[in-house]
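Asks: Have a look at this fold, sequence not included:
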């Protein structure tokens, strides 16, 4: 039997890359894309575990899963940072750079 490619390996890899790239979009997109990528990676890992000799691109799944995990972690960190900044400085301060600088100087005690 000829070796096949895992059906979602390329998608997992692309989702992992996009998950890392979109971590600065308030973290939400990164977490969503990373979660989808991990679900697809787990499906392919189960398929590969059933018959490893039939598939050739399992390394793409492993790399993609790692990238998705990194993207989720970065997205969660950025999301928590944004929640902290909104709770501390207010949403209006985030919209105005001068006001944000003033609020941050006041918060950290810089004269």
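Replies: Now that the structure is in, tell me what you want to look at. Worth saying up front: this structure is predicted, and the values here are computed from it rather than measured.

Asks: any idea where the helices of the chain begin and end?
Replies: Taking DSSP state H as the criterion, the chain carries its helices at 9-21, 28-50, 58-89, 91-95, 97-108.

Asks: Those into a markdown table, with extra columns for distance to residue 2, mean pLDDT and mean neighbour count?
Replies: C-beta coordinates here come from the backbone N, C-alpha and C atoms, glycine included. Formatted as a markdown table, those follow (distance: least, Cβ to Cβ, whole Å; pLDDT from 0 to 100; neighbours: other Cβ atoms under 10 Å):
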| stretch | distance to residue 2 | mean pLDDT | mean neighbour count |
| --- | --- | --- | --- |
| helix 9-21 | 17 | 97 | 21 |
| helix 28-50 | 16 | 97 | 18 |
| helix 58-89 | 16 | 96 | 17 |
| helix 91-95 | 55 | 92 | 12 |
| helix 97-108 | 59 | 93 | 12 |
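
Asks: Out of those, which gets nearest to residue 3?
Replies: Comparison of those against residue 3 by Cβ to Cβ identifies helix 58-89 as nearest, at 10.9 Å.

Asks: before we move on, back to that, okay, the helices of the chain in TSV with distance to residue 3 next?
Replies: Output for the helices of the chain, formatted as TSV (distance: least, Cβ to Cβ, whole Å):
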stretch	distance to residue 3
helix 9-21	13
helix 28-50	12
helix 58-89	11
helix 91-95	52
helix 97-108	55
